[in-house]
Structures are given as C-alpha cells and as structure tokens.
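S.K.: Here is a sequence together with a model predicted from it:
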Amino acid sequence: MNRREIMGAGIAAASAIATSDIARSQPSANSEITRIAWGSCAHQNKRQPIWNAIAQTNPDLFLFIGDNIYADTDNPAIMREKYEALRQKPEFARFRAAVPILAMWDDHDYGLNDGGIEYVMKDESRKQFCDFWDVPADSPRRTRPDGIYTSEVFGPDGRKVQIILPDLRWNRTPILSTFTDRQSYERWALTQFRQSKPIPGPYLRNPDDAATMIGNSQWEWLENELEKPADLRIFASSLQVIADFPGWEAWINYHRDHQRLIDAIRRHRANGLICLSGDTHYGEISKLDVNVPYPIWDFTSSGITEVWPVIPPNSRRIGEAYRDRNFGLIEIDWTNNNVKVSIRGENGAVKIEQTISLGSLRVPRF
C-alpha cells in the first residue's frame, strides 16, 4: 500500500466507530505534506455530515481554525457540555480518528461572541480547549500568559511547510461598535435589507495606534516564526486577514497590526506565505497586491454548519463568494512548485479554486 491507500484504509476502519476519544497524532516533523484541509464554524447541536466529504480528500492534516464549538458562556459546566456534544458527533469522531487535527479557537469557542481581552473565563476556556484537543501537557499553549498561539513545521528541506496559528482573542483590544447593542443593529440591518441597500456590520475600524489584535509578546513570537526557513507558510487566522469590508471582525479593523504583518513579511523576507481564514459563514478568496512585498492571498472557508444570510461587500474579493456550508483544501505540487487552493461544498464539489505559483510569493531583492 502507498501512503494514500493506508490513509484510506484508516478512514474506512474508523467508519465503524460511532464515537471515539481517539485522535490521530500529528505528522512527524519530516513528513512530506501535500494536502491540508481546513474549516471553521461548527455548531455542536447541528448535523455535521461534511466531515465525510473532507475525509474523502485524504488530507495529511486538518486545520480547525475557530468556532469549533459555540460555547458563548462564562459557565465552565456549559462549555464542557458543548465540547462533549461535539465529541459525540459520529461523523466528527470518525474523522478525528483518521486525520490529524491542529486547532485554534475564535470567539465562540473562546467563550464570548466577538470577545477579546475582556473575557473573564479565558483560563478555564484554555484548559478545556487544550484538554479536548489533546494539547500535550508540557506545551506552552497551556501556560503562556498571553494565549494559545502555536506553530508547526513539517517536511524535509526544500519541501518544508510552516503552519502559524495566531491567537486573535486573548489580548485583543475590545472592538468598537456603531450600535449600543445587537438588537439595535439587527433592526437597522433589516431595514437596509428591505430597501435593498448594502448591509455593513456593526463594528468600526479602531483609530488608536495602541489597539491590537495579538499584543506585543505574541508579536515578538510571530516575528521570530517568520524568520524560520520554510518553502510554504500557512498563516491560519481565525479572522480574515486581507478582506476589506465594512463592519465585521477582521484584521483590517486594527490598522497598525494589519500593516505590521505586511511589514514583517517584507522585513523578514518571509517567502511563500498564504493566509487561511474562517469566521464569516461563507467562502471566498481575497487578494492584496498593492504596497505589499508580493501578492498576499487570503482563502476563507466557513462554515462547517453555519451559513450567513447576506454576502457583505469586499473590495479585495476575487471572483464570487460561496454562500453555503463548505471546507477548504490546499493541494501542494512540489514538483511544479505550486499550490492549488479550493473551497468545496458539503458534498466535496469544488466551488472556488485558485492555483498559485510559489515562485510568485517571494520578496524581491533590490
């Protein structure tokens, strides 16, 4: 059997398991990675048949990049119950037994909708997250004073894949809102919809230079990560990095950090970086190719169960967005030095696709 046949056999064997605490271990450091799937936004009380389609793509690794449950609580018992509900999902349990998963939280599994530094139960939330996702007992993710961010590097020289998972919740400056409460926004949005007008979200771009997505300590860590050698870097962000649309959570609302990320890629000559993101409840591709060291792509897949009723504007969107349940897949062609990234529907059909030459993702030498 080759590696693909072995993985396929593992998926078939795991299909006999209704529920399981077994999690597939991470690939070894020298494993050559050619297929990475990702997704976000999986409500634990809804059916999740999409895991079967993801498994059929035979990924080497799955990146679960936020809203992996919808906890939305400051009660530890309620959060624990919601993780247990996910554990009991048969399709998820079979998938988890067959495919390695590397996870990061977003707001709902962090515990506070659109929350940041102000969330009061972050330490308990971290413990439950790390326990559920089998984070090793000695991992700094369990003890860092400023979040659960992490990175991994897989593959031999010449085919190294670096995966960077920033924590966008623990230290994030509270978001600014145009409205005093959610109900006021929803009433206004309904009026806009009835008048066939655009419906931006309720949030503002923060003009304060001190406002931050990740905080100074995580920035130091991230800049060190960008110094590491890699042939493909995957910046797996729970929120959209490049998309430029009004009113919803995204890096663009924290202008200093948004620019600092671009500057860091240039300064550290961090070639080969693409962004993955979630959160939105629809899939799309965004691209920034002005005042950047090389074109920066942002591939958004969301959600496993969630679908947003209206696609908001995004001036950096490439092609059309896909408004239905979806997941993403990266296929790496090391021989031809390119990556093909697709957004796929619940049955695995390709809905959006883009091929990128790794040679186009290089900081120019002047």
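M.R.: Looks like it arrived, so ask away. Please read all numbers here as calculations on a predicted model, not as lab measurements.

S.K.: The residue nearest the centre of the chain and Ser277, how far apart?
M.R.: Centroid-nearest residue in the chain, with C-alpha atoms, centre = their mean: Ile65, separated by 3.2 Å. Between Ile65 and Ser277 the computed distance is 7 Å (C-beta to C-beta, to the nearest Å). Quick note: C-beta positions are derived from backbone N, CA and C, even for glycine.

S.K.: Common neighbours of those two, please.
M.R.: Residues touching both Ile65 and Ser277 (C-beta atoms under 8 Å, 6 or more residues apart in numbering) are 236-238.

S.K.: From these, pick the one nearest Ile356.
M.R.: Closest approach to Ile356 among the shared contacts of Ile65 and Ser277 (C-beta to C-beta): Ala236, at 16.2 Å.

S.K.: Which element, helix or strand, includes Glu353?
M.R.: Assigned by DSSP states H and E, Glu353 belongs to strand 350-357.

S.K.: so what's the residue nearest to the centre of the chain up against?
M.R.: 38-40, 103-104, 106, 165, 236-238, 276-278.

S.K.: try it again with 10 Å
M.R.: 38-41, 102-106, 165, 236-239, 276-279, 301-302, 328 (C-beta atoms under 10 Å, 6 or more residues apart in numbering).

S.K.: And for Glu227?
M.R.: 264, 267-270.

S.K.: circling back to that earlier point, run through the neighbouring helices and strands of the strand holding Glu353.
M.R.: Applying 3 or more C-beta pairs under 10 Å, 6 or more residues apart in numbering; DSSP states H and E, one finds that strand 350-357 contacts strand 284-288, strand 296-300, strand 326-333, strand 338-345.

S.K.: most tightly surrounded among those strands?
M.R.: Most buried of the helices and strands packed on strand 350-357, by mean neighbour count (mean count of other C-beta atoms under 10 Å): strand 296-300, with a mean of 26.

S.K.: where does the stretch 151-300 of the chain dip in pLDDT?
M.R.: 246 (pLDDT under 70).

S.K.: Where do the strands of it begin and end?
M.R.: Assigned by DSSP state E, counting those that start in this stretch, the strands in the stretch 151-300 of the chain fall at 161-165, 176-177, 203-204, 232-237, 273-277, 284-288, 296-300.

S.K.: need those in JSON lines with distance to Ala98, can you?
M.R.: Below are the strands of the stretch 151-300 of the chain laid out as JSON lines (distance: least, C-beta to C-beta, whole Å):
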{"stretch": "strand 161-165", "distance to Ala98": "19"}
{"stretch": "strand 176-177", "distance to Ala98": "42"}
{"stretch": "strand 203-204", "distance to Ala98": "38"}
{"stretch": "strand 232-237", "distance to Ala98": "21"}
{"stretch": "strand 273-277", "distance to Ala98": "21"}
{"stretch": "strand 284-288", "distance to Ala98": "28"}
{"stretch": "strand 296-300", "distance to Ala98": "24"}
